[in-house]
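> Would you be able to build a 3D model of this:
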Amino acid sequence: MSDWPVGLSTGCFYRRSIFDCLEVILNGGFNMVEVCSFPAHLDYHDIDTVKRAAKRMDELAIEAYSLHAPFADQIDITALDPEQRNASMRDILKAAEAAARLQVRYLVIHPGPEHPPKYGCQEHVQRMENAASVLNVVAGRCRELGIGCVLENKLPHLLFGSTSDILWILGAMKAVNVGTCLDTGHAFLSGDIYNVTHKLSGHLQMIHANDNSGNYDDHSPPGLGKIDWQRLLVLLAETRFHGAFILELAGQEDAAALLAQARRARLYLREIGRQIALATPPTASGPARGFNLEKVV
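Model (predicted):
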């Protein structure tokens, strides 16, 4: 499998109401999206607004592939303060209900806080245990709602920026209906995107596709940074990845220019996927191990 679907995050337009950008996205060539939960974009607390968004996407034949759960400094499911932790859990559960209304496949969760850790090993372990406890509740609710739940690898300087932390959480949880979402930009900034991808591959359900120069989380279109996408996509094909790529690009004022970049990025990824498919024997159930990577684009 190397013909992966490619969608676009509505987070590219997070400063605008989702109702002002859905037709723009569709007319720009994308009918599959990840829905951003930034309240000014889509107030996931307001069930009537969520229902209206779901109806509008249905009218436009736009698939909501995923919804990104809210993330902000005050949302911290690892917090030592139980009031903050429970308030954060309630917010994510509210987002899960909105995700179910939108009929998404996956709720994407940042499993840790948005600020760098300033504590020792003992608190680190306690915070991971707190996250596992909350995520068990969230995963259970997602199962009841009929949606999937995936954890995103974070920037390397944040809690859960380490692949080992994410794998620890998955192992510590009682729930089994939890996967991972690979953010390629975050993984590249960790210094070893290919090792991160391999480690997460057994749980990998979807990709947040973006590029950078190796210095900042630029959210550039794939192909405009330093990630070796040929090598990455070959690895994904070899590990039998079957999910979608969601382009998570930096927003800009010129919507037409952004969508043109997104279309070029989609073509770039799909061309690599096409070459991988052509290098695969027709009778094989997946990419042939050891085929000549130099012949793939």
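> Could you give me the buried positions within the worst-scoring helix or strand of the chain on mean pLDDT?
For the chain, counting by mean pLDDT, DSSP states H and E, helix 163-172 ranks last in confidence among helices and strands (a mean of 92). Neighbour-count burial for helix 163-172 flags 163, 165, 166, 168, 169, 170 (criterion: 16 or more other CB atoms under 10 Å). The way it works is simple: take the backbone N, C-alpha and C, and place the C-beta from them, glycine included.
> what's the answer for stretch 246-266, then?
Under the neighbour-count criterion of 16+ other CB under 10 Å, stretch 246-266 has 246, 247, 248, 249, 255, 258, 259, 261, 262, 263, 265, 266 buried.
> what's near enough to touch residue 180?
Neighbouring residues of residue 180 by CB atoms under 8 Å, 6 or more residues apart in numbering: 150, 151, 152, 153, 166, 170, 200, 203, 204, 205.
> Neighbouring strands - and their directions - for the helix or strand hosting the first one?
Mapping residue 150 onto the secondary structure by DSSP states H and E places it in strand 148-152. Neighbouring strands of strand 148-152 in its sheet, by DSSP bridges, are strand 106-109 (parallel), strand 178-183 (parallel).
> Identify, out of those strands, the most deeply packed stretch.
Mean neighbour count (mean count of other CB atoms under 10 Å) peaks for strand 106-109 among those, with a mean of 27.
> elements contacting whichever helix or strand comes after that one?
Later in the chain than strand 106-109, the nearest helix or strand by DSSP H and E is helix 121-145. Applying 3 or more CB pairs under 8 Å, 6 or more residues apart in numbering; DSSP states H and E, we find helix 121-145 packed against helix 82-101, strand 106-109, strand 148-152, helix 163-172.
> So, low pLDDT: which residues of this protein?
For the chain, the stretches flagged by pLDDT under 70 are 1-2, 281-297.
> All the helices of it, residue numbers only.
Assigned helices in the chain, in chain order: 22-27, 47-60, 82-101, 121-145, 163-172, 184-189, 193-200, 229-238, 255-278 (criterion: DSSP state H).
> can you list the buried residues of helix 163-172 in TSV and add distance to residue 31?
Shown next, in TSV, are these (distance: CB to CB, whole Å):
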residue	distance to residue 31
163	33
165	35
166	31
168	37
169	33
170	32
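> follow-up on the earlier one: buried residues, the strand holding residue 150. List them.
Across strand 148-152, burial judged by 16+ other CB under 10 Å covers 148, 149, 150, 151, 152.
> Please apply the same query to stretch 119-139.
Applying 16+ other CB under 10 Å to stretch 119-139 flags 127, 128, 130, 131, 132, 133, 134, 135, 138, 139 as buried.
> From what I see, residue 44 and residue 93 are in contact.
No. Residue 44 is not in contact with residue 93 according to CB atoms under 8 Å; the separation is 10.5 Å.
> Between the two, point out the one with more neighbours.
Shown here are residue 44 and residue 93; by other CB atoms under 10 Å, residue 44 has more neighbours (27 against 18).
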